[in-house]
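Chemist: Need the 3D shape of this:
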Amino acid sequence: LELISWAAIGARTTESQTHREMASGLSMPVGFKNSTEGVLQVAIDAMEAARNPHTFLGVDKEGRTAVIRTQGNPWGHVVLRGGKGRPNYDPESIEAACKQLHQANLEPVLMVDCSHANSNKKHELQEEVWGTILKQRGEGNDALIGMMVESNLNEGSQKIPEDLSQLRYGVSVTDACVNWETTERMMRQAAESVV
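Modeler: Predicted coordinates for the structure are as follows:
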C-alpha cells in the first residue's frame, strides 16, 4: 500500500541541488515548479538533474549518516504556477512550455498549480483556472496531466494568533484555500469532463 505517490518541489527550492538529488532517489513522480519569477528553465534543469543518478551524504533507514546512491528519477515533470503576478496556464503559455520541454529533449508533461500567480493569489479564482485547464484537456491537450489546488475545510486563511484558542478550525494558516464544497464541485467537474 502506497501512502505517498507524488511529490512536489516548490518554486523556491526547485533550484536547490539538494532537492534535485533527493528527487532522483524517489520512486514516484516529482513535479518541479517554475520559479517565482515565472522562469520555466529552472524546472527543466531540475528535471534533467533528477533523471540522473546521484551520490550524496544522507541518512539511512536507521537514522545514521550514510552515503546515498540514487538511480535517477525518470518521472519528473513541470508544475506551472505563474510568476511575477502573471499566470502561465493559458493555451499560449502551455504551448510555449511544451516547446521548451521538446527543445530540452524532455517529454512535454505539465501540471498546473491553480493557486499562486495563476490565480493572482486570490483563492476564489482557483476554480476558474481549474475550468480552463479542464477545457484545454478536453480539447485534446494530452500534455496536461493534472492540477494542484489549495484546499481546506473552510475558505481563506488566517494568521496564527497569540492565543491559539482563537484559531479557526479548518482554515489555512498559510496560503488562502477554497473550501470543501468548492473542492467537491471542482472534483465532480473534473470527473464529468473525463467521462
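Chemist: What is the burial count for the residue nearest to residue 66 when sequence neighbours are not counted?
Modeler: Leaving out its chain neighbours, the residue that sits closest to residue 66 by Cβ to Cβ, 6 or more residues apart in numbering is residue 60, at 4.0 Å. C-betas here are computed from N, CA, C, even on glycine. Number of residues near residue 60 (other Cβ atoms under 10 Å) recorded here: 10.
Chemist: cool, and residue 159?
Modeler: Using other Cβ under 10 Å: residue 159 sits among 8 other residues.
Chemist: I'd say it and residue 171 touch.
Modeler: No. Residue 159 is beyond contact range of residue 171, at 10.4 Å (criterion: Cβ atoms under 8 Å).
Chemist: Residues contacting the helix or strand of the chain with the lowest mean pLDDT, please?
Modeler: One helix or strand of the chain scores below all others by mean pLDDT, DSSP states H and E: strand 55-59, with a mean of 92. Strand 55-59 is touched from outside by 18, 21, 22, 65, 66, 67, 68, 69, 70, with contacts defined as Cβ atoms under 8 Å, 6 or more residues apart in numbering.
Chemist: Residue 36 and residue 158, how far apart?
Modeler: 23 Å (Cβ to Cβ, to the nearest Å).
Chemist: Please state the backbone phi and psi of the spatially closest residue to residue 143 that is not a sequence neighbour?
Modeler: The shortest distance from residue 143 to any non-neighbouring residue, by Cβ to Cβ, 6+ apart, is to residue 108 (4.4 Å). Phi and psi for residue 108, reported as degrees, to the nearest 10, are phi -80, psi 90.
Chemist: Residue 108 against residue 145, yeah?
Modeler: No. Using Cβ under 8 Å, residue 108 makes no contact with residue 145, being 9.9 Å away.
Chemist: Give me the more crowded residue out of those two.
Modeler: Ranked by neighbour count (other Cβ under 10 Å), residue 108 and residue 145 place residue 108 first, with 20 against 16.
Chemist: Check which helix or strand residue 185 maps to.
Modeler: Residue 185 belongs to helix 180-193 when assigned by DSSP states H and E.
Chemist: Grab the nearest non-local neighbour of residue 15.
Modeler: Nearest non-adjacent residue to residue 15 (Cβ to Cβ, 6+ apart): residue 42, at 5.2 Å.
Chemist: Which of the three states applies to that neighbour?
Modeler: helix (DSSP: H, G, I helix; E, B strand; the rest coil).
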